[in-house]
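Student: let's see this in three dimensions:
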Amino acid sequence: MSQSSIACVAVDWGSSNRRAWALGRDGGILDQRADAQGLLAHVDRRFADSLAGFLGAWLAAAPGVPVIMAGMIGSRLGWVEVPYQPAPLLLTDLAKHLAKAGEVGRGSGCWIVPGLSQDDPVQPEVMRGEECQVLGALLAGHAESRFFLLPGTHSKWARVSDRALHSFRTYLTGELFDLLCKSGTLAQLMSAAGEDKAAFAQGVAAAKDAQLLNRVFSVRSLSLFNRLSGAAPRSYLSGLLVGTEIGDAMAVWPDCAAAGVVCIGSAGMIERYGAAAAQLGLKLHGFDNAAILPGALHWLARSAGLMGS
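Tutor: Numbering: from 1, shown residues only. The predicted structure follows:
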């Protein structure tokens, strides 16, 4: 790879991790790297210095190359707080609202994509980074899709029409699972590694009655009665939480069952959510998030004129 052929650098900078891609003028990936230096690792808030070191040779070989970033780097805890854009929003219009955070290397401007907000008197919603993944899926061939799922620490469900993101919901599925596995009375049952697919399916089935707080205790009671053991308690809990999330989203958007849902995530997440969705009568179409995010950020950089003519 010729480093001088880099036309744009795309960065996904979250709370715990960050990823970067060196992209050619056509959007092709020339090089990539990742580390665990998310926002939480930057208590000194020296984001520019950290980014310059992370991108290293790319910046040296391509002076002035634009850097476009998405994720929590644009939050209150990040480099620059970039105001949310209110939904509904035509996702291609994100290119009109990029915010410059500063410069690194030899004149490389660093730009941040804004997140989206949804105001509501009872429960406002926000997202940062997921909007770019949805845009990436739309650009990569799912332009007619209406419903999107982005599983993770905070899972997002979004409803899209004519490339505009109209509404979305957040579920703390991943965070709650992690907390229950690491602390509290259930943690002692979660030491065994591996997955138990039957126990996962059992948890998904238990979620159908929408009695989550009661059902969570069943992880302990079923274990006490020797009906869950080994890796089963952990898998059962995962199925219970994922099943509850999917069931709630289907209740909010009943037409998603007929339309299908595009699931953007890692291979493991797509497999897990796909199994639960199939059990609940919902069809998921999996899409690797690492395969679509660089393309979305490249498209935004080009549309905003950051890459020149």
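
Student: what's Phe147 sitting at in phi/psi?
Tutor: Taking degrees, to the nearest 10, you get phi -130, psi 140 for the backbone angles of Phe147.

Student: got it, and Glu125?
Tutor: Here is the backbone geometry of Glu125 (degrees, to the nearest 10): phi -130, psi 150.

Student: show me what contacts the spatially closest residue to Val104 that is not a sequence neighbour?
Tutor: Closest residue in space to Val104, ignoring its immediate chain neighbours: Ala52 at 4.3 Å, by CB to CB, 6 or more residues apart in numbering. (Each C-beta comes from the backbone N, C-alpha and C, glycine too.) Listed by CB atoms under 8 Å, 6 or more residues apart in numbering, the contact partners of Ala52 are Leu59, Val104, Gly105.

Student: thought the second one was touching Cys110?
Tutor: Right, the one you point to is Val104. Yes: Val104 lies in contact with Cys110 (CB atoms under 8 Å); the separation is 6.0 Å.

Student: show me which of those two is the more surrounded one.
Tutor: Cys110 (25 against 22; other CB atoms under 10 Å).

Student: who's that one bridged to?
Tutor: Val67, Gly102 (DSSP bridges).

Student: spit out the contact partners of it.
Tutor: With CB under 8 Å, 6+ apart, Cys110 has these contacts: Ala48, Leu51, Val67, Met69, Trp79, Lys100, Ala101, Gly102, Glu103, Val104.

Student: just Glu125 next, same as before
Tutor: Residues in contact with Glu125 (CB under 8 Å, 6+ apart) are Ser117, Gln118, Phe168, Arg169, Thr170.

Student: those residues: which two are farthest apart?
Tutor: Ser117 and Arg169 (13.2 Å; CB to CB).

Student: may I ask which of the contacts of Cys110 has the most neighbours?
Tutor: Counting by other CB under 10 Å, top hit in the contacts of Cys110: Met69 with 30 neighbours.

Student: in a strand, it, correct?
Tutor: Yes: if the criterion is DSSP: H, G, I helix; E, B strand; the rest coil, then Met69 is within a strand.
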